[in-house]
Structures are given as C-alpha cells and as structure tokens.
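> Predicted model follows, preceded by the sequence.
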Amino acid sequence: MQRAATIEDVARQAGVSRQTVSNVLNSPEVVRDGTRERVRAAISALGYAPHASARRLRTQRSSTIGVHLDPYAGGISGVVLDRFVHALAEHASERGMRVLLYAARSPEEEIARMGELVDGGDVDAVLITGTFHGDPRTGWLTQRGLPFVSFGRPWGLDDIDDPQHLWVDVDGAAGTRAATDHLRAASGERVAFLGWPAGSGTGDDRERGWREAMGEAAGTDAAPRLVAVENVAAARQVVERVLVDRAIDAIVCASDSLAIGAHLAAVAGGRADLPIIGFDNTPAAEALGLSSVEQLPERVAAGAMDLLMGEGLSIAPRSTTPGHAHVLVEPLLVVR
C-alpha cells in the first residue's frame, strides 16, 4: 500500500521549507505568486491531503461552517437548496472543512442558535440563506465579528457599490430576461409573467428581467403581470381565468411550481402547446418537458466558499469592498 504524502514530501518536491507549505495552505496571501503555484503543483502531483483533525488541534479552530437548514415546506423548488447544501459540503470537504447544519424557524431563533454555536466554539463561520430587507441576522453577525456569507443579497441596500457584507446569489433578472427574449423570438410578442406577490426580493428581481425584456408592453393586456402564491393549484386557477379572455403567446414564471400550474391550466383550456418557461429546472419540470432557468447551485456553493476562504484551506473572508464582496452567478436557460 502506497504511503500517503506528507507536508515534508510537498516541501521537498517544491524546493521550499515546511513553513512555506504551511503558509500556502493556511495563509496563501503571504506567499509570493510563483512560490505559491509551485507548492500547489507539488500538492497536486503528490495527492497530498492535509489532516483536518490535526489541523483543528493545532489551530484550536473547529474548521466548521454552520449552515442554516430551512424548515421543510414541501413543494417542488426545494430541491435547489438541497443541491446547494450537498455541493457546499463537497467543496468544504475538499478544503478540509466540515459543514454543520442547524435548524431554526425564525430569524430570532436562528440568531439564538448561532450564538450557541459560536459561544461553544462549534463553528468558525456561517452561511445564511433566505435574506430579506432589514434582515436582523446580518447585523448580528457583523456585530459579533463572525465571518459569514449569505446565499441571497442584502435586498433594499446598495449591495454592489456599497456592500454591507459578503454575499453570493443567482442573477434572477438575467434568467427571466433570457427566457423572455427566447419566447418573444420563438412564439410572439405577447409574453405574460406569472410571479409571486410583490415584496419578495427574489421574486421582484425575476420580474425585473421580464420587464426589461418586454419594455413598455410589460403589464399591459397583451403582456399581463399575473400573481399567484408559490402553489401549483393557485397558479393553475390564475392562468385558467386569464386564458378565457386574453390572447397570450407564452408565459415566463418565477418558479417551476408556478410553471407547472400554468401548464396544467393550458392543457385544461385546450392550449397544451402554450410555451411556458419556469425557474429552478427541477426534475418535475424536466419530466413534463417544460423549459426552465437552471440556477446552477453548484456554482453558487463554489462562490460562497471562495468568498469565505479565498484560495486557501482556512477561513479568510474577502474584504467587503466594491467589486470583491459578492459573486453573482448567471443562470442557464434550458430549452426543451
């Protein structure tokens, strides 16, 4: 059985000291670019993997990232967050980090839970999801000085030119804009939008992409803005009523759940061929042959880890400066 490579093997192969290898692993910013690349090449060639347990003992850190696990709410689109958490765990493991999932039913309960984890030395950083305008969690984390990144931007603030904290998100507007442009070219100018009630940061962002693509026609009788809660039955009822008295060519939806409801309404109304594009690219949409916008949660997870750790193997958050504090992932339109 082949002996596992050690840090001394890496140092010898790269022609550097053991301390330099350690710096590359834990504080890469202090090592010159050429030396850093040489050490990384040696690590890759030898298949060296730092021993996570030993590192935790040496640094007196948990090497753990806490991640809030949203309450199970059923539905179709929850698979996206599930994929994200799995991808995050894989990326963390590759860097010798662990992921600790914790549950909370409200922001206040989550703050209390995070406090327990921090005070107990159980986490070195956290990742929060489901951000919203006035989110108390981000202020609490900033005040405590705990490294964190959010999956979701700080809605209602200037998160690009005046970033408040690190965040990674999917460019929902880019996704619905691409979907709308595709439908206008393939099906006609009367493209409706079916979204959630106003006030949801994510939903409003997805609506914005449709409005940008439709221009002045957005919100008119020819291109109505339809509203339904995140529910297949509710979406079906809304679209069934619209199809009775309006001639529309296609529908862009804020989620796959809404898209499936719209599709069922179209089938019931004798318009099974009505082009409908959802958002999330879930297995349910794929099974029905519906086009959808793929969020690429694996790229979101990679972006979150880069924000928290940079290129190293320890928590080293990026600075919250314009151009460096966020990762905005452009989604992919999947046409079926």
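Structure received.

> C-alpha only now, for contacts and for neighbours.
Fine.

> From the chain's centroid, how far away is stretch 143-156?
Remark: stretch 143-156 is offset 13 Å from the chain centroid, using C-alpha atoms, centre = their mean, to the nearest Å.

> What residues of it count as buried?
Using 16 or more other C-alpha atoms under 10 Å as the test for burial, stretch 143-156 gives Pro147, Phe148, Val149, Ser150, Phe151, Gly152, Arg153, Pro154, Trp155.

> tell me the pLDDT at the second one?
Read it as Phe148. Note for Phe148: predicted pLDDT of 93.

> Quickly list what it is bridged to.
Beta-bridge pairing of Phe148 under DSSP bridges involves Val126.

> From Arg18, how far off is it?
30 Å (C-alpha to C-alpha, to the nearest Å).

> again with the third one
Taking C-alpha to C-alpha as the criterion, Val149 is separated from Arg18 by 32 Å.

> tell me the domain boundaries of this structure?
7-49, 64-169+297-330, 172-294 (automatic domain parsing).

> starting at the chain centroid, how far to the first one?
If I follow you right, that is domain 7-49. The mean C-alpha position of domain 7-49 is separated from the chain mean by 31 Å, C-alpha atoms, centre = their mean.

> pLDDT of it, averaged?
In the prediction, domain 7-49 has an average pLDDT of 83.

> how about the helices in this protein?
For the chain, the helices defined by DSSP state H occupy 7-14, 18-26, 33-46, 52-59, 79-94, 107-119, 136-144, 172-186, 201-214, 232-245, 256-268, 283-288, 297-309.

> out of these, which comes closest to Glu330?
helix 172-186 (6.7 Å; C-alpha to C-alpha).

> Make TSV out of the helices of the chain and add distance to Arg318.
Listed next are the helices of the chain as TSV, based on distance: least, C-alpha to C-alpha, whole Å:
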stretch	distance to Arg318
helix 7-14	27
helix 18-26	15
helix 33-46	18
helix 52-59	20
helix 79-94	17
helix 107-119	20
helix 136-144	14
helix 172-186	24
helix 201-214	24
helix 232-245	40
helix 256-268	34
helix 283-288	35
helix 297-309	6
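
> closest to Pro275 out of those?
For Pro275, the closest of the helices of the chain is helix 172-186, at 7.5 Å, according to C-alpha to C-alpha.

> tilt between the closest one and helix 201-214?
Interaxial angle of helix 172-186 relative to helix 201-214 (axes from the mean of the first three to the mean of the last three C-alpha atoms, to 10 degrees): 40 degrees.

> Return the distance of helix 172-186 from the chain's centre.
20 Å.

> Show me what that helix is in contact with.
189-191, 202, 205-214, 250, 252, 254, 275, 277, 293, 330-333 (C-alpha atoms under 8 Å, 6 or more residues apart in numbering).

> List only buried entries from the residues you listed.
Using 16+ other C-alpha under 10 Å, the buried ones in the contacts of helix 172-186 are 189-191, 202, 205-214, 250, 252, 254, 275, 277, 293, 330-333.

> okay, the domains of the chain, which one's buried deepest?
domain 172-294 (a mean of 20; mean count of other C-alpha atoms under 10 Å).
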